[in-house]
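Enquirer: The sequence and its predicted three-dimensional model are supplied below.
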Protein chains: 2
Amino acid sequence: MTSSVLEKQVSAFRELAKKIVSYGHTLAVLDWDMRVNGPSKGMESRAEMIGIMSGEHFKLLTSKEMEGYLADLIEPDTLASLDPVTRGSVLECKKEFEKNQKIPVDRYQENVVLTTQSATVWEQARAKNDFAMFRPYLEKVVAMQIEFIDYWGKKGDNVYDTLLGHYETGMTVSQLDKMFGLLREKTVPLLQAISNSAHQPDTSFLTKFFDEKQQEEFGRRIIAKLGYDFQAGRLDRSVHPFCTTFGSRDVRITTRFDPHFFNMALFGTIHEAGHAMYEQNISPDLFGTLLGTGTSMGIHESQSRFWENVVGRSRPFWNHFYKDLTSEFPTQFADVDTKQFYRGVNQVKPSLIRVEADELTYNLHIMIRYEIEKGLINKTYEVADLPEIWKQKMSDYLGIEVPTDKEGVLQDVHWSSGLFGYFPTYSLGNVYSAQFLHTLKKAITNFDEHIENGEFTPIRSWLVDKIYQYGKLKSPNELLQDVTGELANASYLVEYLENKYKSIYQL
Amino acid sequence: MTSSVLEKQVSAFRELAKKIVSYGHTLAVLDWDMRVNGPSKGMESRAEMIGIMSGEHFKLLTSKEMEGYLADLIEPDTLASLDPVTRGSVLECKKEFEKNQKIPVDRYQENVVLTTQSATVWEQARAKNDFAMFRPYLEKVVAMQIEFIDYWGKKGDNVYDTLLGHYETGMTVSQLDKMFGLLREKTVPLLQAISNSAHQPDTSFLTKFFDEKQQEEFGRRIIAKLGYDFQAGRLDRSVHPFCTTFGSRDVRITTRFDPHFFNMALFGTIHEAGHAMYEQNISPDLFGTLLGTGTSMGIHESQSRFWENVVGRSRPFWNHFYKDLTSEFPTQFADVDTKQFYRGVNQVKPSLIRVEADELTYNLHIMIRYEIEKGLINKTYEVADLPEIWKQKMSDYLGIEVPTDKEGVLQDVHWSSGLFGYFPTYSLGNVYSAQFLHTLKKAITNFDEHIENGEFTPIRSWLVDKIYQYGKLKSPNELLQDVTGELANASYLVEYLENKYKSIYQL
């Protein structure tokens, strides 16, 4: 290609990518509005709108036009001649193009229908505690995933690697087996020791009455101090909390309130604000490209969990904020000191439901799902056996009995929608967050002191500098390597958990 | 065409129309969200998103695909064979197609740039009270409108008819001249008599302090009683009140509050609810077609003004609601009886600003704009002379001096954006509302009694039955003819205004 032809191609490619990004953000607005504002009678037509606009988005991603640009620009010499952002953008579009293009259209549509039905049946099956009802649908969803892996092509030693790669580029079964192996080896005995400890924290004060308006105001003050930019976002309410981006200058979060449980809103709000601060601080160079968002589910989750748990549930954090908290809720915390409060919000207790789990047991919940997914996709497990497998693993890792399937294998929506490979990213978030913390503490040696003084800017600036600004320009592995000097390593998480919880439970 | 080929064409056309409607509703969501929720830093990227999605919408409306369907389906025998909804939908698409297709693409884009600049300059010019600054832009905008009329083609005796037709299909200068002639002849002397009346209403109680939350709650109760369906819509706040539709099952309205002026929020809210009830009651048969919305600006405005003025500012309405009002605001209305309140909210007073004008003088404000637009488009007026023309007409019709251009010719945004032909629809709304009222009172003879009893269902049902359900399936003229037996006739408005205000001012 002559340079002027190349220039034209690049600029046309950029225009198309920008349009695709606009469709993505538009879909995010339609979805946010439905979940936050939508009047009940408008739901059906909104779902239809989202369906139509998703179709348009998909068409652009897989268009002949896109295929043409990619064919030209992916050529090695051409690719090498591009600036890094355009090059990254081409590679990201290529990845999305292939992911979507390789599935025959009829099978793609059949999968949409299947997963829609399956999600509906799952909801009923969970309500009725009836796994048998859901089983045939889940069998078809799993079979479809296995078929799709054939179209996409094997990406590593294990067929499941292909699915992992959709949520966490470069992640493999061999890495995860090692990580979860270490977590199992170290946290299962830690959990047993905790359960047997004579020093259980008091949590009774967390279930007193907390006015929702006051909870909301307190949460807003906290996340503003952490660095969530309210001029580039909003906090609203929804049934399930989430963070969504319409571009880095409009990143919205939602939360929910339980007037009889303090933890839910505050830590949920900080969690979503962690996601949002990542998105709000992506470099403007990446706007209008597919690189202008977080690089992976795992890295994203590392930031929500870093702010929620590493910062928000730390002792220095409450040394700083506890006075504010008690002046907001004086009667509720009348006889509770900072240490008691800190121990209370860090209670570890094996429980049935993943989304309610604490920082330590959470990974064990994920491990169970990971092992099951891997088994299903590799055909070493059968769907019919899942309820028993689930119960056995809950007993082995968490030491608790699962009384019903609705509190067991039926609890999560993910599988019904065909989301296989997604669950591990939740634990990767914990692994990465402890790994980043380890590096961060070497750079900012007075980390705890900053938090204790309510100075979050140095910490946030480090994260912006090392992680946030790059968006998807660096892959998760590149980012980990550049920031921490190694790939994912669960030993930092183990060390963090052991230090924290041995102290709390006086082990 | 064989019937199976025709069937396929029709179904493909319907799919495309449905997609176009979805883009329209999506754009409405993007716009609503920006105006109601948008964080300040997100405005720029939202404007870009709206620009990109508008481009996509425009492309579909003017696509080769659409051209092909229209060419086939518009053929007289084919058209006659279609069901009424599809036939109406074809004709509406044809109209939109031609309106957009006939302008050369480069001139269209130049106009977008021009009107964007012009609107920005207007804003500065108004702030600085500097008409000379705005003048060259307005001259270009007018010249562009005149050029566009050539592309669109002359639609009636007067070149201005083409512009009128974009907002009010079938409306002509000859009809408007007659209507405004009658209004001028009858309301100018009425206004003089009112101004000279010794019986001026007291309005001091309307400018006391009214808590915004209470105002909002009161407004919500009122419009729910009138029949606004909150399960198919929402009420929010915005700088300028508006009504927007994302389909008949999600029709949202906004309002604004002045804690020191009671009228603003309540009557504004009822006004928007009037627009919304029209949209909420369109027949589901029309969903997914371009017919699924109000038939014209004028008919739409007739409904907002019907509910705001004819119902909401009537004596029976306050006979019913005044007790509620005084229990919500007991101190503010302590010494005010129903009659005093009714007279207060119906005060007539010549003033400079259109959007603050009362029910009677409003039409005189519109008349001035209509005469100026007609003059500019017919080249009998020059832009340079507008400030003086404005002042002269304000003196002739309203009897007041205009001290500055920013309170005169620079007050409205419309012209800077190229909206010529739009203003008359505001007064058409008043004309139509009185005309519908005249017919309605023959069908529902105890009209006042229903209102006095808070029974709005019979009135709303009549409007749904005669007007709302049809959406754009009937043109404004068809609708007027079917409902009232005649075309637009301003004598009903004159009669309504004379009866109402002669009584209030004891003339």
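Expert: Received the coordinates, thanks. Numbers count the residues shown, from 1 in each chain, chains lettered A, B, ... in the order given.
Enquirer: so how far is the lengthiest strand in chain A off the chain centroid?
Expert: Counting by DSSP state E, the longest strand found in chain A is strand A:251-255. Distance, stretch centre to chain centre, for strand A:251-255: 14 Å (CA atoms, centre = their mean, to the nearest Å).
Enquirer: buried stuff in it?
Expert: Judged by neighbour count (16 or more other CB atoms under 10 Å in any protein chain shown), strand A:251-255 contains these buried residues: A:251-255. In this view, the C-beta of every residue, glycine as well, is placed from N, C-alpha and C.
Enquirer: Quick one: residues contacting the residue in the stretch 151-300 of chain A that chain B sits nearest to.
Expert: Chain B sits closest to residue A:250 of the stretch 151-300 of chain A, with a gap of 3.0 Å, by CB to the nearest CB. Residue A:250 sits next to A:232-233, B:38-39, B:41-42, B:45-46 when contact means CB atoms under 8 Å, 6 or more residues apart in numbering or on different chains.
Enquirer: what angle separates the helix or strand that the longest strand of chain A is followed by from strand A:251-255?
Expert: Going down the chain from strand A:251-255, the next helix or strand is helix A:262-280, by DSSP states H and E. Following axes from the mean of the first three to the mean of the last three CA atoms, to 10 degrees, one obtains 170 degrees for the angle between helix A:262-280 and strand A:251-255.
Enquirer: Which elements pack onto helix A:262-280?
Expert: helix A:212-226, strand A:243-245, strand A:251-255, helix A:297-305, helix A:457-466 (3 or more CB pairs under 8 Å, 6 or more residues apart in numbering or on different chains; DSSP states H and E).
Enquirer: I'd like these as CSV, with mean pLDDT and distance to residue A:161 appended.
Expert: Shown next, in CSV, are the helices and strands packed on helix A:262-280 (pLDDT from 0 to 100; distance: least, CB to CB, whole Å):
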stretch, mean pLDDT, distance to residue A:161
helix A:212-226, 98, 36
strand A:243-245, 97, 27
strand A:251-255, 98, 31
helix A:297-305, 98, 14
helix A:457-466, 98, 27
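Enquirer: what does chain A put close to chain B?
Expert: Counting by CB under 8 Å from any CB of the partner chain, chain A comes close to chain B at A:18-19, A:22, A:25-26, A:29-30, A:33, A:37-42, A:44-46, A:48-49, A:52-53, A:56, A:229-234, A:246-247, A:249-250, A:287.
Enquirer: could you redo the last one with a cut-off of 7 Å?
Expert: Contact residues (CB under 7 Å from any CB of the partner chain) of chain A with chain B: A:19, A:22, A:25-26, A:29-30, A:33, A:37, A:39-42, A:45-46, A:49, A:52-53, A:230-234, A:246-247, A:249-250.
Enquirer: Any idea how far apart the tips of stretch A:143-160 sit?
Expert: Start and end residues of stretch A:143-160 are separated by 13 Å (CA to CA, to the nearest Å).
Enquirer: contacts for it?
Expert: Under the contact criterion CB atoms under 7 Å, 6 or more residues apart in numbering or on different chains, stretch A:143-160 has outside partners A:99, A:102-103, A:111, A:114, A:161-163, A:165, A:172-174, A:373-374, A:377-378, A:418, A:420-421.
Enquirer: cool, and stretch A:36-54?
Expert: So stretch A:36-54 is contacted by A:23, A:26-27, A:30-31, A:34, A:236, A:238, A:254, B:19, B:22, B:25-26, B:230-234, B:246-247, B:249-250 (CB under 7 Å, 6+ apart).
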